[in-house]
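Peer 1: model the following, please.
(2 chains)
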There are 2 protein chains.
Amino acid sequence: MAQKETIGFIGLGIMGKPMALNLIKAGYALTVNNRTPEVMEELVQAGARAAHSAREVAGQSDIIITMLPDSPQVEEVALGEGGVIEGIRPGALFIDMSSVSPNTSRKVQQALSARGADALDAPVSGGQVGAEGATLSIMVGGSEESFNRARPVFEAMGKNIVHIGGPGAGQVTKIANQIVVGLTIQAVSEAMTLAKKSGVDAGKVREALLGGFAQSRILDLHGQRMLDGNFKPGFRIGLHRKDLRLALETGREAGVPLFATGIAANIMDAMIAQGDGDLDHSGMAKFYAQMSGIE
Amino acid sequence: MAQKETIGFIGLGIMGKPMALNLIKAGYALTVNNRTPEVMEELVQAGARAAHSAREVAGQSDIIITMLPDSPQVEEVALGEGGVIEGIRPGALFIDMSSVSPNTSRKVQQALSARGADALDAPVSGGQVGAEGATLSIMVGGSEESFNRARPVFEAMGKNIVHIGGPGAGQVTKIANQIVVGLTIQAVSEAMTLAKKSGVDAGKVREALLGGFAQSRILDLHGQRMLDGNFKPGFRIGLHRKDLRLALETGREAGVPLFATGIAANIMDAMIAQGDGDLDHSGMAKFYAQMSGIE
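Peer 2: Below you'll find the model as predicted:
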């Protein structure tokens, strides 16, 4: 078997750290970098090499992975001063696994391919649990060739790994996912709040609906959370609101009016303003209960 | 075995006629009535007895079933002049299988119980196909005792038969179902239109999403319809709009603001105004395509 490619990993947050640890477990030689350097310590003890900058990471790696909060951070780390673009080697592969604007992904891919490298956008779903257990879903945009090259690396971090299309297609898929998940939570919240306020057993309604066209994983799992009033995250409202911002920006740029997504984003804003941004996104049912004068 | 109860059936439309035929097939003696009497002919040939009024039906039946377009028709047939209330016998059971306001169901149940009868609300889902194949889902509100009495009758028309709670609870469940189905269609429409307009293969997006939290029967079945541009009903936009009117009325009366349901109803209104009210409800994707300038 060919020698494993060397990997650089930038962004060791709640998601990035366990993902990087899984790469080390899979036998990859890792160089890491993080904005707050203390966080690198755990990775160094696990066998990684710490670098002082994104440029330095890029100079020592065949594949450079980023896992960052949002589009501006990815553009800064990839294309800014001291960034990946200043150190990346011809033939290297940049993989951004953050959830960012498809336009950011396309811009980064263009800039790096001008240096003889390539880039994939590969946002994930599955959250911290998926990152720790190496069971993330990974939605990939970019060339087929680079996707095939990256596949063993993805397989060390995730399970449901799908190549969707060209640069940005992974981000568009992640956004589509967050639209459907967010609006399905809203649908279930409206239905179950109406049942509850009408004096009808919402648990029985959920069960009846699961047997028909209204069936969804959200109705099953988050519907149960709503019945239990268990809004411990999971996936926080504040993070889902960020993803809907990406959705609405992408919709505006593409010329697609997202009527319902706009409403869901408004409601999440109200929840954040009221101090509920750290609830699980199923907590949207709490907003509807409040608006309906339930307890 | 005890002699089968005699059944009266009022409202022989697209749904009612096959439901009544299934009761005859199951061995029930049927008396039927319909606003336009010609429609009764087919039932009479199948062995039913034609009656001239709802009152006459009620006078000859242990169980009286209605399958009518909307709340006013049910109130008229059940409680109006020449209606069921004038003929119903003590101990008889009235079952309204129409989709109407929970308040109508409660009002009818109260009025008939004052005559020594009882009433169930038992709206269905599954459409014409389910009515013909006796595979309807039936959501029932009313007393446990009357539910048990009606069960063999329901079993001649449907499969997924659930007792939810007291009078009106069946209607609330049906409304909850139509909220979740309508808003999930809207969610999938927004996501798939965004993918398409962004130049991303919407079929691959659907497949990727089906593997995760965004999974739903709607994404599976109606997502495929959207990809195929197949908006042949199925369940018409115009009918779904009626169900969302019931939802919004019930929400207003109960004090539950239904933000997203309101948006979906607005969009259905626009589709009806543009002549698309007879499309399948998955045709909401056509509206989003138009709004996005996709041919």
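
Peer 1: look through the stretch 1-150 of chain A and state the residue closest to chain B.
Peer 2: A:S137 (5.2 Å; CB to the nearest CB). All C-beta atoms are positioned from the backbone trio N, CA, C, and that covers glycine.

Peer 1: that residue contacts A:I164, correct?
Peer 2: No: A:S137 is beyond contact range of A:I164, at 11.7 Å (criterion: CB atoms under 8 Å).

Peer 1: the more surrounded of those two?
Peer 2: Counted by other CB atoms under 10 Å in any protein chain shown, A:S137 and A:I164 do not tie: A:I164 has more neighbours, with 26 against 22.

Peer 1: which ones are touching the more buried one?
Peer 2: Neighbouring residues of A:I164 by CB atoms under 8 Å, 6 or more residues apart in numbering or on different chains: A:M139, A:V140, A:G141, A:G170, A:V172, A:T173, B:V200, B:D201, B:K204, B:V205, B:A208.

Peer 1: which ones among these are found in strands?
Peer 2: Those of these mapping onto strands are A:M139, A:V140, A:G141, per DSSP state E.

Peer 1: quick one: which of those residues has the most company?
Peer 2: Neighbour counts for these, by other CB under 10 Å, peak at A:M139, which reaches 33 neighbours.

Peer 1: how many neighbours does A:Q274 have?
Peer 2: For A:Q274, the count of nearby residues is 11 (other CB under 10 Å).

Peer 1: that's a strand at A:P257, yeah?
Peer 2: No: secondary structure of A:P257 (DSSP: H, G, I helix; E, B strand; the rest coil): coil, not part of a strand.

Peer 1: okay but it is in contact with A:G251, surely?
Peer 2: Yes: counting by CB under 8 Å, A:G251 is a contact partner of A:P257 at 6.8 Å.

Peer 1: between the two, tell me which one has more neighbours.
Peer 2: Counted by other CB under 10 Å, A:P257 and A:G251 do not tie: A:G251 has more neighbours, with 24 against 14.

Peer 1: what sits against the residue nearest to that one when sequence neighbours are not counted?
Peer 2: Leaving out its chain neighbours, the residue that sits closest to A:G251 by CB to CB, 6 or more residues apart in numbering or on different chains is A:L258, at 4.3 Å. Remark: with contacts taken as CB under 8 Å, 6+ apart, A:L258 is in contact with A:I179, A:A247, A:L248, A:G251, B:E190, B:L194.

Peer 1: among the residues you listed, which lie within helices?
Peer 2: If you go by DSSP state H, those have A:I179, A:A247, A:L248, A:G251, B:E190, B:L194 in helices.

Peer 1: re earlier: filter the ones in strands among the contacts of A:I164 down to the ones close to chain B.
Peer 2: With CB under 8 Å from any CB of the partner chain as the criterion, the ones in strands among the contacts of A:I164 include A:M139 near chain B.

Peer 1: nearest to A:G238, of the ones in strands among the contacts of A:I164?
Peer 2: A:G238 lies nearest to A:M139 out of these, by CB to CB, at 21.7 Å.

Peer 1: name whatever forms a beta bridge with that closest one.
Peer 2: Beta-bridge partners for A:M139, by DSSP bridges, are A:V162.

Peer 1: mind checking pLDDT for it?
Peer 2: We have a pLDDT of 98 for A:M139.

Peer 1: look up how far A:G277 lies from it.
Peer 2: When CB to CB, to the nearest Å is the yardstick, A:M139 and A:G277 sit 25 Å from each other.

Peer 1: which one of the ones in strands among the contacts of A:I164 is nearest B:Q73?
Peer 2: Using CB to CB, A:M139 comes nearest to B:Q73 of the ones in strands among the contacts of A:I164, at 49.2 Å.

Peer 1: doesn't A:T31 belong to a strand?
Peer 2: Yes: assessed with three-state DSSP, A:T31 lies in a strand.

Peer 1: from what I can see A:M19 touches A:F9, true?
Peer 2: Yes: A:M19 is in contact with A:F9 according to CB under 8 Å; the separation is 7.5 Å.

Peer 1: who has more neighbours, these two?
Peer 2: Neighbours per residue (other CB under 10 Å) separate A:M19 from A:F9, with A:F9 holding more: 31 against 24.

Peer 1: what is the more buried one paired to in the beta sheet?
Peer 2: If you apply DSSP bridges, the partners that A:F9 bridges to are A:V32, A:I65.
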